[in-house]
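# next one to model:
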Amino acid sequence: MAANFSSIPVLDFALTNDQAHKPEFIDQLRHALVNVGFLYLKNHTVPQQVVDDLIGYIPRLFDLPQEAKHNISMANSPHFLGYSKLGAEFTKGKTDHREQFDFATPHETQWRPGAPEYLRLWGPCQWPDERLLPGFRNTMETYLAHVQKLSYRFIGLLAEAFGLPSDALNKFYDRDELMQHRGKVVKYPANDGHLTDQGVGPHYDAGFLTFLLQASPHPGLQVQNISGAWIDAPPIPGTFVVNIGKALEFVTRGLARATSHRVLSPPVGSTARYSVPFFHNISMNARLPDEVLDFPEDILKLKELRGDLATTESVNFSEFDREPSGKVNLIGRVKSHPDVAQRHYPDLFEQYFPSGLPKQVSAY
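As a prediction, this is how the structure comes out:
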């Protein structure tokens, strides 16, 4: 019988600081990875003041003059970094009702003429004018640095949960200066009665892990369980929501499960919902079929005990079996942001949109 779930487990990261209690955390993590694909993480290492400082900036970020936001439009960036206006992104052919800024950890693009085009995907951020929002860039970069450090530590614990050495997944990363991890600051506007309930449609994430800060008290995040039902994942103060991406599912041969999820818009009469996802990436040159992880037999049996998953509404990031990680991510961005692709990746744009810029696209 499939090991279904009706709620998201809450894991206490403080257990990892004590060798006597660490095995308890590892056991709980293993269950969450195999059977749920999502978890809440409390007592993590990101200082609450760092989180609070960022949350304090978020409404002011979206209240910037429209011209200031337009000046850092994502369309300017071959790295898909910058501002996206309300309704500029699509999932499963429907408009996502969210406004967002895409940022990332510091990185100088490694692309040079003749190199794979997907290397252009990583590069410098566009930041709001410091005079209009003094201190925001430093606050955001500080936050990203703290979550990045936590995410690497978490990857080591994840390896242990699968019966592997803590450094078993290191081969999927380049050295630090060649890596970049991404974040978004997202606003789901209050519904005035004219919007659908799709904040963002059903989808998977691409990389190994996502660390989500639910930055306002609004519900809306939902996770699809093994039988296909949607389970609420409401905000819990002081936690991150951590979920598995398709790349990790692929390299673990489905042992870790990437779980379909979506966000519903705030209901009529509510206020705006804010969130800050952090996407923990792997090397863009990683070819996942070339890397085999040797799991213990008792760990592999957990997938059999879990049972088969129901068909989900999410189908994105399915190219890991034939393309390097960077190409898979680039394809996903092209499908989600055709206006950016038309300007910076004309060949890929023509491949996926031969009839030109669509009014509606099927990203996933």
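
# give me the distance between Q342 and L357.
Distance, Q342 to L357, using Cβ to Cβ, to the nearest Å: 6 Å. C-betas here are computed from N, CA, C, even on glycine.

# and stretch 48-64, which residues are buried?
Neighbour-count burial for stretch 48-64 flags 51, 53-55, 57-58, 61-62, 64 (criterion: 16 or more other Cβ atoms under 10 Å).

# how far does that stretch sit from the chain's center?
19 Å (Cα atoms, centre = their mean, to the nearest Å).

# got the contact list for that stretch?
99, 101, 128, 132-133, 135-136, 139-140, 142-143, 146, 185, 187, 213, 215, 238, 272, 274, 276 (Cβ atoms under 8 Å, 6 or more residues apart in numbering).

# among the buried residues of stretch 48-64, which are in strands?
Nothing among the buried residues of stretch 48-64 maps onto strands, per DSSP state E.

# so where do the helices sit in the stretch 51-200 of the chain?
Here the stretch 51-200 of the chain has its helices, by DSSP state H, counting those that start in this stretch, at 66-70, 136-161.

# hmm, back to that, ok, of the contacts of stretch 48-64, which come out buried?
Buried subset of those (neighbour count, 16+ other Cβ under 10 Å): 99, 101, 128, 133, 136, 139-140, 142-143, 146, 185, 187, 213, 215, 272, 274, 276.

# between Q342 and L357, which is the more surrounded one?
Taking other Cβ atoms under 10 Å, Q342 and L357 do not tie; Q342 has more neighbours (17 against 11).

# of all the residues in the helix or strand encompassing that one, which ones are buried?
Q342 belongs to helix 338-344 when elements are defined using DSSP states H and E. Buried residues in helix 338-344, defined by neighbour count with 16+ other Cβ under 10 Å: 338, 340-342, 344.

# closest to D176 out of those?
Minimum separation from D176 among those (Cβ to Cβ) is found for H344, which lies at 26.2 Å.

# isn't the closest one right next to G123, touching?
No: H344 is beyond contact range of G123, at 10.8 Å (criterion: Cβ atoms under 8 Å).

# find residues that contact each of those two.
The contact sets of H344 and G123 overlap at 77-78 (Cβ under 8 Å, 6+ apart).

# and A20, helix, strand or coil?
The three-state label given to A20 by DSSP: H, G, I helix; E, B strand; the rest coil is coil.

# so who does it touch?
Counted by Cβ under 8 Å, 6+ apart, A20 has zero contacts.

# ramachandran coordinates for it?
Phi and psi for A20, reported as degrees, to the nearest 10, are phi -70, psi -30.

# picking that back up, now for the helix or strand just after the helix holding Q342, which elements pack on it?
Following helix 338-344 in sequence order, the next helix or strand is helix 346-352 (DSSP H and E). Judged by 3 or more Cβ pairs under 8 Å, 6 or more residues apart in numbering; DSSP states H and E, the packing partners of helix 346-352 are helix 325-336, helix 338-344.

# and the contacts of the last one?
Where contact means Cβ under 8 Å, 6+ apart, the residues beyond helix 338-344 that reach it are 74-75, 77-78, 80, 88, 120, 333-334, 348-349, 352-353, 357-358, 361.

# by neighbours, which of those wins?
Ranked by the number of neighbours (other Cβ under 10 Å), these place F80 first, at 26 neighbours.

# give me the pLDDT value at the closest residue to it other than its chain neighbours.
Nearest non-adjacent residue to F80, counting by Cβ to Cβ, 6 or more residues apart in numbering: R333, 4.7 Å away. Confidence at R333, expressed as pLDDT, is 93.
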